[in-house]
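> the sequence isn't on hand, but the structure is:
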């Protein structure tokens, strides 16, 4: 069994600096719904606090079927990059809104 190290430093209500054995990352969002950025990887996390249920997905990778049907790879790659960025931003905002909603719905204090 290997040793693990992880420490989180809150920078504001919505931003945390994460330090671990494998490197440094930044998390944006609230408890239960956040986006984690580490290098060129972007991961979305959505969970129900106290239940142990959560969902995690890489947001910076296109779906496999999108790449298979490109007719013009050079022109489509620029459009797909912009669309992927907008989709990632939309998912990030959605996760934060859902997190706030769940937070106040479950614990209204």
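Now that the structure is in, tell me what you want to look at. The model shown is predicted, which means the values in this text are computed figures rather than measured ones. Numbering: from 1, shown residues only.
> can you give me the neighbour number for residue 29?
The tally of other residues near residue 29 (other Cβ atoms under 10 Å) stands at 24. The C-beta positions use only the backbone N, C-alpha and C, and glycine is treated the same way.
> contacting residues for it?
Residues counted as contacts of residue 29 (Cβ atoms under 8 Å, 6 or more residues apart in numbering) are 14, 35, 45, 92, 95-96, 99.
> could you redo the last one with a cut-off of 7 Å?
Neighbouring residues of residue 29 by Cβ atoms under 7 Å, 6 or more residues apart in numbering: 14, 35, 95-96, 99.
> enumerate every residue touching the residue most central in space within the chain.
Closest to where the C-alpha atoms of the chain average out (Cα atoms, centre = their mean) is residue 44, at 2.3 Å. The contact partners of residue 44, taken as Cβ under 7 Å, 6+ apart, are 35, 57, 59, 91-92, 95.
> hmm, which two among those are most spread apart?
By the measure Cβ to Cβ, 57 and 92 form the most distant pair in the contacts of residue 44, at 11.7 Å.
> closest to residue 25 among the contacts of residue 29?
Using Cβ to Cβ, residue 35 comes nearest to residue 25 of the contacts of residue 29, at 10.4 Å.
> show me what that closest one bridges to in the sheet.
Beta-bridge partners for residue 35, by DSSP bridges, are residue 28, residue 44.
> hang on, isn't it packed against residue 95?
Yes. Using Cβ atoms under 7 Å, residue 35 makes contact with residue 95 at a distance of 6.5 Å.
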